[in-house]
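> next one to model:
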Amino acid sequence: MSNAVKVSVIYYSSTGIGAEIANTLVAEAEAAGAEVRLRRVPELAPDAAIDSNPAWRANVEATRSVPEATPDDVVWADAVIFGSPTRFGNIAAQLKQYIDTLGGQWAQGKLADKVYSGFTSSSTAHGGQESTLLALYNTIHHFGGIVVAPGYTDGSKFVDGNPYGTSHVDAQGENKVDDVTRAAASVQARRVVKVARALKNGA
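Modelled structure (predicted):
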């Protein structure tokens, strides 16, 4: 698969919504012909905080086998899809801390000219989903990266309504990842692979 588009899906998830969306993105990117790495960023919260929420602890245990992200996972990729729940309209500290470790690669120009996209979730509708993705994309501009959002390039996007990336309202865990969110992830993953392939092939 040496000529295949290389995609890294790098995410933070506390209670598992982001992890499920990440797995959907991986499956859809692979179906589009990409070679994919799934990576989680390290958890920074103390055990006491994690143990206060059974869903959080369950997700930590369920995703232990997912490798932790390193800077090489961005350098290796032609396209990177970052994911994080919204935290006061911004990305979670865990993902931000990982991104902040990329300074050396940024200084060497190794983060530039790649495709980037993002996904998120929140407890409430209008709970900062769009601002979280826009804040993430501010960082991509500093990388010299190419933001590839799904836009309204597929009819299903008029159902989920977020042109900036895949997002999900989980209502404190009451709303599981559904077909609408999975359809949004499919559109996003396939568009990311399509654009990254065109760039890789010089189209």
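
> biggest helix in this protein by residues?
Taking DSSP state H as the criterion, the chain has its longest helix at helix 179-200.

> chain center to it: distance?
How far helix 179-200 lies from its chain's middle: 12 Å, per Cα atoms, centre = their mean, to the nearest Å.

> pull up the distance across stretch 108-122, start to finish.
This stretch, stretch 108-122, spans 35 Å end to end (Cα to Cα, to the nearest Å).

> I meant stretch 77-95, not that one.
17 Å.

> with just CA atoms, put the longest helix of the chain into CSV.
Below are the C-alpha coordinates for helix 179-200, written out as CSV (Å, rounded to 0.1, in the frame of the first residue of the first chain):
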residue,chain,number,x,y,z
ASP,A,179,-26.7,7.0,11.6
VAL,A,180,-26.7,10.7,11.1
THR,A,181,-23.3,11.1,12.8
ARG,A,182,-22.0,8.0,11.0
ALA,A,183,-23.1,9.4,7.7
ALA,A,184,-21.4,12.7,8.5
ALA,A,185,-18.2,10.8,9.3
SER,A,186,-18.4,8.9,6.1
VAL,A,187,-18.7,12.0,4.0
GLN,A,188,-15.8,13.6,5.9
ALA,A,189,-13.4,10.6,5.7
ARG,A,190,-14.0,10.1,2.0
ARG,A,191,-13.6,13.8,1.2
VAL,A,192,-10.3,13.9,3.2
VAL,A,193,-9.0,10.9,1.3
LYS,A,194,-10.2,12.2,-2.1
VAL,A,195,-8.5,15.6,-1.6
ALA,A,196,-5.3,14.1,-0.1
ARG,A,197,-5.1,11.7,-3.0
ALA,A,198,-5.4,14.5,-5.5
LEU,A,199,-2.6,16.5,-3.8
LYS,A,200,-0.4,13.4,-3.5
